[in-house]
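K.L.:
Provide a 3D model corresponding to the input given below.
(chains A and B)
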Amino acid sequence: MIPPANPEIGQQPHPMVPALEVKNLVKHYPGVKALDGVDLVVRQNEVLGLAGENGAGKSTLLKALVGLVRPDSGEIWVRGEKVRLRSVVEAANHGIGMVFQEQSLVPNLTAAENIVLGSEGAGVRGGVYRWETMRKLAQEQLDKIGSDINPLARTDTLSFADRQMVEIAKVLRIEQRSQHPPVIILDEPTSVLESKEIETLFTQVRRLREFASVVFVSHRLDEVLDVCDRVSVLRGGQSVGEVATAGAAPADLHRMMIGSTGSDDHYHDQAYERSAEPLRPMLSIRGLSGKTFRDVDLEVAAGEIVGIVGVHGSGREDVCRALFGAEPTLAGEVTLDGKRLDLSSTRAAVAAGIGYVPAERKIEGMVGPMSVADNMTLTKQQSRCAGPIVMPKRQSSLVDRWIERLSIRTPHRGTQIQRLSGGNQQKVVLARWLVAGDIRLLLLDHPTRGLDIGARSEVYRLMRELADSGVATVLLADSLEEAIGMSDRIVVMSDGKATKHVPCPSGDKPTPLDLVKEMV
Amino acid sequence: MTSPAEDVDVAAARPQPRRGVSLRDSGPPLALVVIFVAFSALSSDFRSIGNVQNIMDTAAVLAVVTCGITFVLMMGSIDLSAPGVMGAAAIAVALLVANNRNGNELGVIGILLAILLAAALGCVSGLALVLLKVPSFMTTLGVSAVGLGLATLMFNGVQPNITDGTLASWPVERLLGLSYLTWIAFACVLVGYLIQRYTRLGRYAFAIGGAEEVLALSGVKVAPYKVAVFTLAGAFYGLAGVMVTSQLSAGLVQAGKGYDFAAITAAVVGGTLLTGGRGGILHSAVGVLIVMVLTNGLVQVGVSPYWQGGVQGLIVVAAVAAAVLPQRRRNQVTK
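P.N.:
Presented below is the predicted three-dimensional model:
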């Protein structure tokens, strides 16, 4: 009898074998468990949705699937074969490709060059470009998705939606590397598309399903349900289940994404008594407009924490930056403690008693190689100086006092801040606004991003203390429960407008679902 | 879902496509025409045929150096090695062709060997950049010093004067009114343009300046291309060094003095950004002409040569400011 040829070669795998399977994937970062035993199955010719809140581990999982992150343990199987993915190229050789959230095209090359980049094949002979062949190769890819983009147009002359089509055409080039049907990962592809473009994209996704498997990630749950066959939900780095989209509602998904909130007083809500007397207004915004937001009204009283919630692109971050003078405004009036606020520079904001904790702590929040002490006194130089001269004793006693008060765990005030854990770094960043003792308004842009539960809790306690001392706080929370747990009042922003004010008093909190309805 | 009326806000938040010919691309040629017309109106000496030939001839060496440096700048790197590399090539060629120091009479082969030496020095810059991860600013400064050192060793206290016929004819023989040196410069611009437009090396150099990390994500190893670009630049500097030797009929260690910054100036004035990814050989050629027309014109209208260094400096700063104007934003970090 003639032995059968290797069944792997040249044959379609059995239709029941998953196109991609992830088993018990684990990835630790210092202080955080990004992936804590994730399982995932992507079947052939299906669109699988991936849902989860910020920090649920979605992006780490996607990066592991295209070889950008090496998991600590766990297995990845492609069509019944265990694989190790150490680079984007290896992932591509196994037929896995990703359309990145931040578009990854070279802006100053033509669309054709971007599509074939790194696998030019017949488009380049002996180092010399054959533009006509290159154009044809690119055209083939664009034809697959039925796009009529001119392949020889410079990428930065294309519209955003067209660039995304170029990315999809580029990802489909992996078909040339692997004989199998590809697995295409789309990371938040709709976040900056207009509604008409989203429809076009969905048409593309359904077309892709005919010859590929698709993993679709979006914050907008209605979209996920619309375009996907099945949705896998991640929470806290773990798979918490999956939903068949037929007949499912966004609420069902959202319930799985947030799970049951902890029963203990994680947000220190009960520990601090709000005074019953009417609150003194501190911040008042009337008709504030900027490039990405319009006509925003907002009031924050002294001692009040107001959360702003909204999906990606709602403009809430820009409102926050505008209040700190870091983003230009077009119209509107802002008063702080009765005085008109100058929004023209961050310097004016600091002088008026505004503190800002930026979302990108490592980039915008701190100077990594500088000491804890220098970071703490960075903004309020007068707190450590006599005139232009730094007084080391004044600085060290001040800094030591705050290290103790906020229980910042650092070997020494002279330790480089980048050697501290994320939570302690964030406390130093917060302390920066406290050392001078004249803070009136705190703008917190994702203050707990990347922190573990314990560190989060400490930041929450600190926020409560500050509010108690009369500081007005604007919070852009990392998750909806955080916003609900911490805020006295919540403002929902959608498409650049403050659409809804939701009271959020202790003991009578809205549910995340109440807010989701307003956000989308 | 958003209604159509609200889509405007979403659209405002994302990168806008560039439409048509930008001011950055059309600005420098326009400036060249304006400057030329202005000087022509001011001075009858300036607009004479002889003076235009003169401008072209004096621009030749700078044009060749700028061709080389443009590839490096397109990648977003910088190259300060021109003075040393040119010096080494200038002395080397003087000692390899017929000269008064030794019996060598290699002719064209001597010229090629000198260019090869220069390319090797450029290669060293590139290798140091990708292997030792030393920024190109420092590696090329070091390689320039090495080149000057090599040149000084070869110079050995006695100036080599050339007697080679081919080399001697470059600055004096004319074709259609322009010296051979100028035609060599034209050839370099053409070759440079072809490399930039039609070779993987040129396109990747452009792409590295545009978004290096995207190349890596697409599975392209960029290191070999970086080394190749510095090698190519070195070859251009070598040819420029040979051209200086032909002009002086002698090999001088200082043959390339000042050409590094003059070439960067010309490239930037022509619209090649120091951050990489924009501009190119043709832009740089226009930049060279702007610088040379300006230098010549200022003399022709009677401005003291003592002023010229300062005036050129101001032009560079103004050109760069104009180039980055559309991208300025609040709280921008500039180093």
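K.L.:
and B:Arg101, what does it touch?
P.N.:
By CB atoms under 8 Å, 6 or more residues apart in numbering or on different chains, the residues touching B:Arg101 are B:Ala94, B:Leu95, B:Val158, B:Pro160. All C-beta spots, glycine's among them, are computed from the backbone N, C-alpha and C.
K.L.:
JSON lines please, covering those and showing pLDDT.
P.N.:
JSON lines is the format used below for the contacts of B:Arg101 (pLDDT from 0 to 100):
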{"residue": "B:Ala94", "pLDDT": "92"}
{"residue": "B:Leu95", "pLDDT": "92"}
{"residue": "B:Val158", "pLDDT": "87"}
{"residue": "B:Pro160", "pLDDT": "91"}
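K.L.:
mind checking how far the host helix or strand of A:Arg401 is from the chain centre?
P.N.:
In this assignment (DSSP states H and E), A:Arg401 forms part of helix A:392-405. Offset of helix A:392-405 from its chain centre (CA atoms, centre = their mean, to the nearest Å): 35 Å.
K.L.:
for stretch A:78-90, measure first residue to last.
P.N.:
Using CA to CA, to the nearest Å, the end-to-end distance of stretch A:78-90 comes to 12 Å.
K.L.:
check whether that stretch comes into contact with chain B.
P.N.:
Yes: on the criterion CB under 8 Å from any CB of the partner chain, stretch A:78-90 is in touch with chain B at A:Ser87, A:Val88, A:Val89.
K.L.:
what's the burial count for residue 139?
P.N.:
By default, I'm working from chain A. Neighbourhood size, A:Gln139 [other CB atoms under 10 Å in any protein chain shown]: 18.
K.L.:
ah, I was thinking of chain B
P.N.:
25.
K.L.:
so it belongs to a strand, correct?
P.N.:
No: applying DSSP: H, G, I helix; E, B strand; the rest coil, one finds B:Thr139 to be helix, outside a strand.
K.L.:
for it, what are its contacts?
P.N.:
Neighbours of B:Thr139 in contact, by CB under 8 Å, 6+ apart: B:Val124, B:Ser125, B:Ala128, B:Leu129, B:Leu132.
K.L.:
what does A:Cys504 give?
P.N.:
Applying CB under 8 Å, 6+ apart, the residues contacting A:Cys504 are A:Gly307, A:Ile484, A:Ser487, A:Asp488, A:Arg489, A:Ile490, A:Pro510.
K.L.:
mind checking how far it is from A:Leu441?
P.N.:
To A:Leu441, A:Cys504 is 19 Å away according to CB to CB, to the nearest Å.
K.L.:
now A:Ser407
P.N.:
A:Ser407 sits 25 Å away from A:Leu441, going by CB to CB.
K.L.:
of those two, which one has the most company?
P.N.:
A:Leu441 (24 against 11).
K.L.:
can you mark which positions in stretch A:343-359 are buried?
P.N.:
With burial defined by 16 or more other CB atoms under 10 Å in any protein chain shown, the residues of stretch A:343-359 counted as buried are A:Leu343, A:Thr346, A:Ala349, A:Val350, A:Ala352, A:Gly353, A:Ile354, A:Gly355, A:Tyr356, A:Val357, A:Pro358, A:Ala359.
K.L.:
could you find the closest non-adjacent residue to the third one?
P.N.:
The one in question is A:Ala349. Distance criterion CB to CB, 6 or more residues apart in numbering or on different chains; nearest residue to A:Ala349, sequence neighbours excluded, is A:Gly325 at 4.3 Å.
K.L.:
wait, the one you found touches A:Ser345, no?
P.N.:
Yes: using CB atoms under 8 Å, A:Gly325 is in contact with A:Ser345, at 4.9 Å.
K.L.:
what are the ranges of the helices in chain B?
P.N.:
B:7-12, B:23-42, B:49-74, B:82-96, B:108-131, B:136-155, B:165-169, B:180-198, B:200-217, B:223-248, B:259-269, B:281-300, B:308-324 (DSSP state H).
K.L.:
can you say which of those is packed in most?
P.N.:
Ranked by mean neighbour count, the helices of chain B are led by helix B:82-96 with a mean of 31 (mean count of other CB atoms under 10 Å in any protein chain shown).
K.L.:
counting by contacts, list what that one packs against.
P.N.:
helix B:49-74, helix B:108-131, helix B:136-155, helix B:223-248, helix B:259-269 (3 or more CB pairs under 8 Å, 6 or more residues apart in numbering or on different chains; DSSP states H and E).
K.L.:
low-confidence bits of the stretch 1-150 of chain B, can you list those?
P.N.:
Applying pLDDT under 70 to the stretch 1-150 of chain B flags the ranges B:1-25.
K.L.:
go again using 80 as the cut-off
P.N.:
B:1-27 (pLDDT under 80).
K.L.:
how about the stretch 201-335 of chain B?
P.N.:
Using pLDDT under 80, the stretch 201-335 of chain B drops low at B:305, B:308-309, B:311-313, B:315-316, B:318-335.
K.L.:
list, one by one, the residues from it near chain A.
P.N.:
By CB under 8 Å from any CB, the part of the stretch 201-335 of chain B that sits against chain A consists of B:201, B:203, B:206-207, B:209-211, B:213-220, B:277-278, B:330-331.
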